[in-house]
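Chemist: What shape does this take:
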Amino acid sequence: MSFEAMAWAVKWKLPAQQKLVLIMLANRTNADTGRCDPSHKKLSRDCGMSADSVKRAIANLEVGGLLSIVRRTHEGVNLPNHYTLHLGVVGADSPDGWVLPAPRVGADSTTKQEIKQEEETDTSPGGDDTAGDVKSGQVDLLGGTTTSGCPHEGIIAAYHAELPNCPVVMVWSDKRREHLRARWKADPDRQAIDWWQGLFKWMRESDYLMGKVNSFQVSLPWLVKSEENLLKVIEGNYHHNRAGGQG
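Modeler: Okay, here's the model as predicted:
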């Protein structure tokens with residue numbers, strides 16, 4: 001992961017699909033080489049989105065000038081695209097982050113060549129989420145489906161998208177992965193990315209959690225560290241000017 005690319009991607013104010021994909025592309029960018037070539041299938045798993053939604057988001061990001069794409073083949077076989085994030089591009093400042101100076105119309109459909117890439121070979125650095133807790137046919141917040149277990153990357157992306165002023169997740173260690181998986185498994189209602197997106201929006205309404213009351217500001221690792229922390233947030237202990245403390 002490139003910290004520079006992640007910090008850049010988080011600042012953009014974009015439609016939900018595009019921001020999730022941009023953050024996940026930053027997450028898949030090699031900090032040393034700049035290499036970024038995850039397959040559509042891997043991005044689909046990362047974002048908890050359908051492959052078609054990922055492709056549409058990428059097309060719009062390309063038209064918007066935030067990235068460029070090198071489409072690759074070898075002996076007639078489609079290979080994963082190579083993406084270059086345009087880290088030098090910055091937008092107009094807004095309270096929620098950067099916005100593009102002017103809206104630009106992008107493609108809203110996929111080509112036959114892109115559909116063929118659904119079965120492409122994945123050569124992206126970084127491994128898949130820990131296996132287990134598989135749940136098929138799960139509908140995500142963007143209308144796609146995910147067949148993986150706890151979609152760590154998708155939840156992290158939703159956190160960054162909905163809470164751009166909160167601490168950026170730079171490292172997702174085994175312990176943090178264990179904590180999030182436990183919170184995910186504890187309640188069937190939590191086993192959908194849209195539930196977490198709704199929670200993050202609820203958290204945004206709390207001055208305390210947003211760091212406007214004192215030095216404490218909520219982070220995703222703190223939120224999932226214990227069931228008690230999560231329940232306090234769900235129950236509104238930090239809302240309506242009520243005092244709270246770290247768990």
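
Chemist: Average pLDDT for the strand or helix carrying A7, rounded please.
Modeler: When elements are assigned from DSSP states H and E, A7 belongs to helix 3-10. Across helix 3-10, pLDDT averages out at 88.

Chemist: For it, which helices and strands make contact with it?
Modeler: With contacts defined as 3 or more Cβ pairs under 8 Å, 6 or more residues apart in numbering; DSSP states H and E, helix 3-10 has these neighbours: helix 16-27, strand 77-85. The C-beta positions use only the backbone N, C-alpha and C, and glycine is treated the same way.

Chemist: May I see the ones you listed organised as TSV, with distance to Y208, mean pLDDT and mean neighbour count added?
Modeler: Below are the helices and strands packed on helix 3-10 laid out as TSV (distance: least, Cβ to Cβ, whole Å; pLDDT from 0 to 100; neighbours: other Cβ atoms under 10 Å):
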stretch	distance to Y208	mean pLDDT	mean neighbour count
helix 16-27	25	91	25
strand 77-85	34	89	18
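
Chemist: what about the most centrally placed residue in the chain, distance to R183?
Modeler: The chain has A157 as the residue nearest its centroid, 2.0 Å off, counting by Cα atoms, centre = their mean. Distance of A157 to R183, computed by Cβ to Cβ, to the nearest Å: 17 Å.

Chemist: for the helix holding A7, the distance to its chain's centre please.
Modeler: The chain centroid and the centroid of helix 3-10 are separated by 12 Å under Cα atoms, centre = their mean, to the nearest Å.

Chemist: what's the angle between that helix and helix 16-27?
Modeler: 170 degrees (axes from the mean of the first three to the mean of the last three Cα atoms, to 10 degrees).

Chemist: Please spell out which residues along helix 3-10 are buried.
Modeler: Residues of helix 3-10 classed as buried by neighbour count (16 or more other Cβ atoms under 10 Å): 5-6, 8-10.

Chemist: Next, the contact list for M170, please.
Modeler: For M170, the contact set (Cβ atoms under 8 Å, 6 or more residues apart in numbering) comprises 1, 3, 6.

Chemist: one more time with 7 Å, if that's ok
Modeler: F3 (Cβ atoms under 7 Å, 6 or more residues apart in numbering).

Chemist: on contacts alone, who are the packing partners of the helix or strand containing W184?
Modeler: Using DSSP H and E, W184 sits within helix 174-185. Applying 3 or more Cβ pairs under 7 Å, 6 or more residues apart in numbering; DSSP states H and E, we find helix 174-185 packed against helix 152-162, helix 220-225.

Chemist: try 10 Å
Modeler: helix 152-162, helix 193-204, helix 220-225, helix 227-234 (3 or more Cβ pairs under 10 Å, 6 or more residues apart in numbering; DSSP states H and E).

Chemist: gap between the nearest residue to P151 once chain neighbours are set aside and I156?
Modeler: In this structure, P151 finds its nearest non-sequential neighbour in G48, 4.4 Å apart by Cβ to Cβ, 6 or more residues apart in numbering. According to Cβ to Cβ, G48 stands 11 Å off from I156.

Chemist: Touching both of these two, which residues are there?
Modeler: Listed as contacting both G48 and I156 by Cβ atoms under 10 Å, 6 or more residues apart in numbering are 20, 24, 196.

Chemist: Dump the helices and strands packed on helix 3-10 to CSV, plus distance to R177.
Modeler: Below are those laid out as CSV (distance: least, Cβ to Cβ, whole Å):
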stretch, distance to R177
helix 16-27, 14
strand 77-85, 25
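
Chemist: Relative to S215, which of the ones you listed is closest?
Modeler: helix 16-27 (26.5 Å; Cβ to Cβ).

Chemist: Just say which of the helices and strands packed on helix 174-185 is most tucked in.
Modeler: helix 152-162 (a mean of 24; mean count of other Cβ atoms under 10 Å).

Chemist: that older thread, tilt between the helix holding A7 and helix 152-162?
Modeler: 60 degrees.
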